[in-house]
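1. Requesting a structural model of the entry that follows:
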Amino acid sequence: MKRLLLGFLVLLGILIVADRSIQNRRKALRVRASALRNLTPSRHIPAEQVRQIQITLAGPGKTWTYRFYDGAWRYPDDFDAYAQGDRLDRLLTGLLQGLGTVVSTHLRSDAHYGLASHQAMVVHLADTLGASLQGIWVGRSVPGKHNEETYARIAGSDTTLHLHANPRLALDWTPASDRPPMIDPYILPRALSRKSIVNITYRTATPYPVQGLRRVETQPAQPALPGRLPQGPTFEWHARFRNGEKICNTAAAFAYISFLSRLRYENLHDPEAASACGFDDTGLVLEDEDGVVDTLDVGIKNAEGNIYLRHRSAGLIFALAPGKADLLIPTASALLDSLKGDSPYTRAEPTAPFSF
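-> Numbering: from 1, shown residues only. Model (predicted):
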């Protein structure tokens, strides 16, 4: 009887120890799962190493590939269009530096998290030579988080994270969009990092009243007074004519310069077909504060009714809506007269953020 009781106590002790071990293991797993961790593996991938990004959206069946060279992100499949570097940086930051917590460790829940093969956004990162660095699957947005968080996992892994970032937002793209996401839409690409325009020269096939514009500093920058912010310099614009210069209406001139800096094209054309675009003696020569010059050549109307425009430094040929192209070289009255209502340059382009 004593042996039976002793055996029972030993067995009970073993069960208690085993139960505690199981509980401790479960607690450790819960702690591990709730701990913030990087989405990418422990071998951190520097963003500077990523020089190619391929994005596939399973739902609409779209794939886009971006490459980084000559200091900028480009989209080779659309005549080497410039891409929006800030958006691609946001995408990489979310993928490479985003932190999250484990929500699943088996693939059976992929559909629930939007990670099934017909749902996910799949991103492949590669280096300069095209060698694969990492594949990442991005699922649906986390409910109730204003779409700022999502589910994601590394390709080939069965661990899904609740990621405190949402790389999808960088795309700002919907199936209704008619062009790839994250393409720089401006005729003066942001990737060229130009400073403010200070001088413009107009080239026309026939004599034109306005020959150019130049920015003139009227008051230098002022140091900050006690309790006040420093004051920057003030400027005015002078229009050049054959018989001298005239001071422009300040609001009208700045509306025109702003129009140029935010003017967006309709689509791109093959630079190899420049000979068919009718580029002759018409165009604009823009100079920035550092003396960097960009030349814009104005061509003929194409079959769609748009006007060809070539940016020589960027090596790109755009198509502009005719109403916008007509405003590239301003009339004297558009620069000199007081504005009666909105400037035509203000009306020509929306002021709200634009997305493809």
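
2. Could you check how far residue 318 is from residue 152?
-> Separation of residue 318 from residue 152 (C-beta to C-beta, to the nearest Å) stands at 36 Å. C-beta here means a position set from N, CA and C on the backbone, and glycine is covered the same way.

3. Likewise for residue 96?
-> Between residue 96 and residue 152 the distance is 12 Å, computed by C-beta to C-beta.

4. any residues in contact with both of those two?
-> A shared contact of residue 96 and residue 152, defined by C-beta atoms under 8 Å, 6 or more residues apart in numbering, is any residue touching both; here these are residue 39.

5. Between the two, which is the more surrounded one?
-> With neighbours defined as other C-beta atoms under 10 Å, residue 96 and residue 152 compare such that residue 152 has more, 28 against 21.

6. sec struct for the more buried one, please.
-> In terms of secondary structure, residue 152 is strand; the call rests on DSSP: H, G, I helix; E, B strand; the rest coil.

7. any idea how far it is from residue 164?
-> On the measure of C-beta to C-beta, residue 152 and residue 164 end up 10 Å apart.

8. Tell me which helix or strand the spatially closest residue to residue 214 that is not a sequence neighbour sits in.
-> Once its chain neighbours are removed from consideration, residue 214 has its nearest residue in residue 199; the separation is 4.8 Å (C-beta to C-beta, 6 or more residues apart in numbering). Secondary-structure assignment from DSSP states H and E places residue 199 in strand 197-203.

9. Let me see the mean pLDDT of that strand.
-> Confidence over strand 197-203 (mean pLDDT, whole number) is 97.

10. before we move on, the earlier item: so for residue 152 and residue 164, which residues contact both of them?
-> Between them, residue 152 and residue 164 share the neighbouring residues 98, 100, with contact defined by C-beta under 8 Å, 6+ apart.

11. What is the strand holding residue 199 packed up against?
-> Taking 3 or more C-beta pairs under 8 Å, 6 or more residues apart in numbering; DSSP states H and E as the contact definition, the neighbouring helices and strands of strand 197-203 are strand 212-219, helix 250-262, strand 283-288.

12. so can I have CSV of the ones you listed showing mean pLDDT, mean neighbour count and distance to residue 192?
-> As requested, those are arranged in CSV below (pLDDT from 0 to 100; neighbours: other C-beta atoms under 10 Å; distance: least, C-beta to C-beta, whole Å):
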stretch, mean pLDDT, mean neighbour count, distance to residue 192
strand 212-219, 92, 15, 19
helix 250-262, 93, 18, 12
strand 283-288, 97, 19, 10
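
13. how about the ones you listed, which one is nearest residue 55?
-> Evaluated with C-beta to C-beta, these place helix 250-262 nearest to residue 55, the distance being 26.3 Å.

14. Past the closest one, which element shows up next along the chain?
-> Next along the chain after helix 250-262, taking DSSP H and E as the criterion, comes strand 267-269.

15. Run through who's touching that following strand.
-> By C-beta under 8 Å, 6+ apart, the residues outside strand 267-269 that reach it are 78-79, 81, 179, 277, 302, 306, 308, 316-319.

16. Give me the mean pLDDT for stretch 336-344.
-> Stretch 336-344 shows a mean pLDDT of 76.

17. is it true that residue 148 touches residue 168?
-> No: no contact is recorded between residue 148 and residue 168 when judged using C-beta atoms under 8 Å, the distance being 10.3 Å.

18. of the two, who's got more company?
-> Looking at residue 148 and residue 168 with other C-beta under 10 Å, you find the greater number of neighbours at residue 168, namely 23 against 11.

19. Could you verify that the more buried one is part of a helix?
-> Yes: going by three-state DSSP, the assignment for residue 168 places it inside a helix.

20. which ones are touching it?
-> Applying C-beta under 8 Å, 6+ apart, the residues contacting residue 168 are 121, 138, 141, 147, 150.

21. which among those residues gets closest to residue 272?
-> Checking these against residue 272 by C-beta to C-beta gives residue 121 as the nearest, at 33.1 Å.

22. Look up how far residue 176 lies from the nearest residue to the closest one once chain neighbours are set aside.
-> Leaving aside its sequence neighbours, residue 121 sits nearest to residue 138 (C-beta to C-beta, 6+ apart; 4.3 Å). Residue 138 is 21 Å from residue 176, where distance means C-beta to C-beta.

23. Pick out the most distant pair among the contacts of residue 168.
-> 121 and 147 (13.3 Å).

24. Among those two, which residue is more densely surrounded?
-> Using other C-beta under 10 Å, the more surrounded residue of residue 121 and residue 147 is residue 121, with 22 against 13.

25. Sort out which one of the contacts of residue 168 lies nearest residue 46 for me.
-> Proximity of those to residue 46, judged by C-beta to C-beta, is greatest for residue 138, which lies at 20.4 Å.

26. OK, contacts around that closest one?
-> 95, 120-123, 150-152, 163, 167-168.
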